[in-house]
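# Okay, here's the prediction I keep looking at, along with the sequence it came from:
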Amino acid sequence: MKARDWDKLAAAYEAEVCDIFVRDRRQVIARWLQARGLLRGRKTLLDLGCGIGSFIKKYGRHFGDKTGTDHSRAMLRIAAARCRRLKDCHWLQADAQRLPPALRDRGDLVVCSNVITFVSAAACVRALRLVVQCTKPGGRIMLIQPALESHDAVVALETGRTTPRRVQAAIVRRDDRMQRFFTREGAAALARAAGLRSVQVRKVWYPWIDEGITRVPRGHELPWDWLVTARR
Ligand SMILES: C[S@@+](CC[C@H](N)C(=O)[O-])C[C@H]1O[C@@H](n2cnc3c(N)ncnc32)[C@H](O)[C@@H]1O
């Protein structure tokens, strides 16, 4: 999707798209940030493809200098308004596939959530390499990636059809756009292909209603995204 398509989505985004930072009811993300000491010491934060600024709004007060980038001007405008009470916030229009050199080695933590979902596998690796370059050497990277196993479980529940197991990734149509969804293995492989170290992949569960499902048979695991964490 192009920047202008995201511009059109921006106004409805808060109501229509699952905000994983709010919907993470089991606090997997907050616990990871806390356990790594990232919520202390006013560290430098970059959120690449920040959308309407949800990560910065929720966690920004714990960080020092923080920058949200996005290619959509409309998203950035909403992000700046939602985070107006936070100090040391900067907003920058930038394409995640051509990040400006000024962002190099900048973040103690670099967040990139539900952005590296390009149809082309090579484009995903290229974009993640740029995310890595924006991280200080030894700094941390936090990605949220859509989970293919979760998508397949939702489809099975809705249609009764099971999908043969996929090894790394598949292209899925969601909200009228084609996106790359990753298996656990595929999410880890992407991170390693971009040269990351200490790669870990965890589930971040969100409510069924975010998949439009109101009745769920007992015993079904909640849907989830992958939280991929690593060090530069
Ligand atoms: C699904 S939203 C996620 C927003 C936010 N990271 C979050 O998790 O709440 C994807 C965001 O990535 C941005 N985006 C997609 N492709 C991009 C690109 N090539 N360069 C910069 N931003 C991009 C979109 O404009 C949108 O704001």
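All right, it came through fine. Numbering: from 1, shown residues only.
# Now V228: which helix or strand?
Using DSSP states H and E, V228 sits within strand 224-231.
# give the contact list for R4.
If you count contacts by C-beta atoms under 8 Å, 6 or more residues apart in numbering, R4 has them with S72. (Each C-beta comes from the backbone N, C-alpha and C, glycine too.)
# That one and Q179: what is the separation?
According to C-beta to C-beta, to the nearest Å, R4 stands 18 Å off from Q179.
# Next: I209.
From I209 to Q179 the distance is 21 Å (C-beta to C-beta).
# One more: R129?
Shown here: R129 relative to Q179, a distance of 20 Å by C-beta to C-beta.
# Looking at these two, which is more packed in?
Q179 (19 against 13; other C-beta atoms under 10 Å).
# residue of this protein with the smallest distance to the ligand?
Across the chain, the shortest distance to the ligand (C-beta to the nearest ligand atom) belongs to G51, at 2.6 Å.
# Is that residue within a helix or a strand, and which one?
Using DSSP H and E, no helix or strand contains G51.
# was I right about it contacting A79?
Yes. Between G51 and A79 there is a contact at 6.9 Å, judged by C-beta atoms under 8 Å.
# shared neighbours, these two?
Jointly contacting G51 and A79 under the rule C-beta under 8 Å, 6+ apart are D70.
# which stretches of the protein form strands?
45-48, 66-70, 89-93, 107-113, 135-146, 169-174, 177-182, 197-205, 224-231 (DSSP state E).
# Now do the contacts for the residue nearest to P217 when sequence neighbours are not counted.
Of all residues not flanking P217 in the chain, L157 sits nearest, at 7.9 Å (C-beta to C-beta, 6 or more residues apart in numbering). Going by C-beta under 8 Å, 6+ apart, L157 touches 213, 216-217, 220.
# Likewise for A15?
Contact analysis of A15 by C-beta under 8 Å, 6+ apart lists nothing.
# Show me what from the protein comes close to the ligand.
For the chain, the residues in contact with the ligand (C-beta under 6 Å from any ligand atom) are 6, 19-20, 49-51, 54, 70-72, 75, 95-97, 113-115.
# now with 8 Å?
1, 3, 6, 9-10, 13, 17, 19-21, 47-52, 54-55, 69-72, 75, 94-97, 111-115, 117-118, 127, 144 (C-beta under 8 Å from any ligand atom).
# CA atoms of the lowest-mean-pLDDT helix or strand in the chain as CSV?
Scoring the helices and strands of the chain by mean pLDDT, DSSP states H and E places helix 3-16 at the bottom, with a mean of 83. What follows is helix 3-16 as a C-alpha-only set of coordinates in CSV (Å, rounded to 0.1, in the frame of the first residue of the first chain):
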residue,chain,number,x,y,z
ALA,A,3,1.5,6.5,1.5
ARG,A,4,-1.7,8.0,0.1
ASP,A,5,-3.7,4.8,0.8
TRP,A,6,-2.5,5.0,4.4
ASP,A,7,-3.5,8.7,4.4
LYS,A,8,-7.0,7.7,3.6
LEU,A,9,-7.1,5.1,6.3
ALA,A,10,-5.7,7.3,9.0
ALA,A,11,-8.9,9.0,10.3
ALA,A,12,-10.6,5.6,10.8
TYR,A,13,-7.5,3.8,12.0
GLU,A,14,-8.0,4.1,15.7
ALA,A,15,-11.5,2.6,15.4
GLU,A,16,-10.9,0.0,12.8
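# Tell me the buried residues in that helix?
For helix 3-16, the neighbour count (16 or more other C-beta atoms under 10 Å) marks 6-7, 9-10, 13 as buried.
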